[in-house]
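J.: Dropping the sequence and predicted coords here.
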Amino acid sequence: FDFVGAHIARATMPNPTATMITTKGDIVVELFMDVMPLTASNFLDLVQTGFYDGQHFHRVIDNFMLQFGCPYSKDPRSHVAGTGGPVGGSKFTVGGKTIVRDPEGNIPDELTQRITNSPGTLSMANTGAPNSGGSQFFINTVHNDFLDWWRMDLGESQHPVFGKVVQGMDVVMAISKTPTDDDCPITPVKMISIKVNP
């Protein structure tokens with residue numbers, strides 16, 4: 001796949017934004033389609049198919065991050081929340097090329113840009129194994145540079161950043177302060193819907 005060609009084709013277009021409507025308020029995010037086309041396109045496909053609608057933040061750790069995107073989290077008390085992803089073999093497009101998710105619903109790692117896991121950035125969650133990210137992502141609430149894919153001197157985790165919060169960081173921080181039990185919010189925080197902005 002020609003990521004450089006896809007980057008050049010998108011260079012004149014602004015990055016897409018999406019609005020996350022939660023029970024705590026709205027969060028607007030910019031998706032880095034210009035430099036992270038595969039990961040951003042995966043997210044946009046899931047948004048456009050309604051995949052995220054009705055899910056809950058299943059992992060919230062103050063002074064760290066908020067994790068979201070598991071289909072099992074539609075039940076906010078599910079004990080398997082955090083283990084699910086997109087349908088295996090499902091497809092999306094990037095710059096006119098079709099990408100097929102693997103049998104577990106995962107996409108290839110896009111370890112191409114050195115965008116640090118700074119506060120307000122969206123980053124792909126994974127199991128720690130290569131190419132194990134699918135639909136789950138997290139919003140950093142502090143600078144988690146030890147999660148940067150190129151910072152092997154700080155840790156082994158590799159989490160590529162594919163977007164950032166451009167509005168509603170106060171909502172992100174409010175969610176980060178919600179009381180939890182085993183990192184799961186005691187009062188569920190629901191993603192009512194995510195919509196791509198026109």
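T.: Alright, I've got the coordinates.
J.: For Gln55, see how far away the residue with the shortest distance to the centre of the chain is.
T.: In the chain, the centroid-proximal residue (C-alpha atoms, centre = their mean) is Phe137; its distance is 2.9 Å. Phe137 sits at a distance of 11 Å from Gln55 (criterion: C-beta to C-beta, to the nearest Å). Every residue, glycine included, has its C-beta placed from N, CA and C.
J.: what touches both of those two?
T.: By C-beta atoms under 8 Å, 6 or more residues apart in numbering, Phe137 and Gln55 have these common neighbours: Phe68, Gly69.
J.: Would you confirm that Leu111 contacts Ser157?
T.: No. Here Leu111 lies out of contact with Ser157, judged by C-beta atoms under 8 Å, at a distance of 11.9 Å.
J.: So which of these two has more stuff around it?
T.: Neighbours were counted for Leu111 and for Ser157 using other C-beta atoms under 10 Å; Ser157 has more, 17 against 12.
J.: got a list of what the more buried one touches?
T.: Gly128, Phe146, Leu147.
J.: you'd agree the second one is in a helix?
T.: Read that as Phe146. Yes. Assessed by DSSP: H, G, I helix; E, B strand; the rest coil, Phe146 belongs to a helix.
J.: Give me the below-cutoff pLDDT ranges for this protein.
T.: 1-12 (pLDDT under 70).
J.: Relative to Val196, how far out is Ala129?
T.: 30 Å.
J.: neighbour-wise, which of the two wins?
T.: Val196 (13 against 10).
J.: Which residue ranges of the protein form helices?
T.: 3-10, 37-48, 169-176 (DSSP state H).
J.: Now Lys195: closest residue in space that isn't a chain neighbour?
T.: Nearest-residue entry for Lys195: Thr19, 5.4 Å, with adjacent residues in sequence omitted and distances by C-beta to C-beta, 6 or more residues apart in numbering.
J.: Which residues lie in contact with the one you found in this structure?
T.: Thr19 neighbours (C-beta under 8 Å, 6+ apart): Asp26, Ile27, Val28, Ile194, Lys195, Asn197.
J.: Tell me the one among the residues you listed nearest to Arg151.
T.: Nearest to Arg151, judged by C-beta to C-beta, of the contacts of Thr19 is Ile27 at 26.2 Å.
J.: hey, what's Leu66 bridged with?
T.: Beta bridges link Leu66 to Val60, Ile139 when assigned by DSSP bridges.
J.: can you list the contacts of Ser157 in JSON lines and add neighbour count?
T.: Listed next are the contacts of Ser157 as JSON lines, based on neighbours: other C-beta atoms under 10 Å:
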{"residue": "Gly128", "neighbour count": "9"}
{"residue": "Phe146", "neighbour count": "14"}
{"residue": "Leu147", "neighbour count": "24"}
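J.: With distance to Gln167 added, can I get the residues you listed in TSV?
T.: Formatted as TSV, these follow (distance: C-beta to C-beta, whole Å):
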residue	distance to Gln167
Gly128	32
Phe146	27
Leu147	24
